[in-house]
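> my questions are about this predicted structure, shown below with the sequence.
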Amino acid sequence: MAITKDHELHKRRFGRNMGLGAVLLAFAALVFGLTIVKVGNGGKMEAFDHQPRVSALPAPGAEAEN
């Protein structure tokens, strides 16, 4: 015997799922749009960790001052 009628709970769940899907789609569109704007403006593609490193050790061949 096949179930043909949807229960009221299924209708509410479907509505919530559609709402959540719309929110996720809007978030993905926002991230995509921000990415396009950043790339289009020619912004730096580097993160803050791409800075030259300064060594705490003395350079080779340098004499220690005493």
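Yep, it's here. Small disclaimer: the values here were computed from a predicted structure and weren't measured.

> what residue ranges in the chain score low on pLDDT?
1-4, 43-56, 62-66 (pLDDT under 70).

> which parts of it are strands?
Using DSSP state E, the chain contains no strands.

> show me the helices in it, by range?
In the chain, the helices defined using DSSP state H lie at 8-40.

> distance check, Ala59 against Ala26.
Separation of Ala59 from Ala26 (Cβ to Cβ, to the nearest Å): 54 Å. Glycine gets a C-beta too; all of them are placed from N, C-alpha and C.

> revised request: answer the last question for Pro60.
56 Å.

> settle it for me: which of these two has more neighbours?
Shown here are Pro60 and Ala26; by other Cβ atoms under 10 Å, Ala26 has more neighbours (10 against 5).

> the more buried one and Val37: what is the separation?
Between Ala26 and Val37 the distance is 16 Å, computed by Cβ to Cβ.

> before we move on, what about Gly15?
33 Å.

> please apply the same query to Asp6.
43 Å.

> same question for His10.
Counting by Cβ to Cβ, the gap from His10 to Val37 is 41 Å.

> repeat that for Arg13.
36 Å.

> also Lys11?
Counting by Cβ to Cβ - Lys11 and Val37 are separated by 39 Å.

> what's the burial count for Pro58?
Residues near Pro58, counting by other Cβ under 10 Å: 10.

> and Val31, by the same measure?
Neighbourhood size, Val31 [other Cβ under 10 Å]: 10.

> residues touching Ala59, list them.
With contacts defined as Cβ atoms under 8 Å, 6 or more residues apart in numbering, Ala59 is in contact with no residue.

> now swap in Leu20 and tell me
Taking Cβ under 8 Å, 6+ apart, we find Leu20 in contact with no residue.

> how close does it sit to Gly40?
30 Å.

> now swap in Leu34 and tell me
The value you get for Leu34 to Gly40, if Cβ to Cβ is used, is 11 Å.

> how about Val31?
15 Å.

> also Phe14?
According to Cβ to Cβ, Phe14 and Gly40 sit 38 Å apart.

> looking at the two, which is more packed in?
Phe14 (11 against 8).
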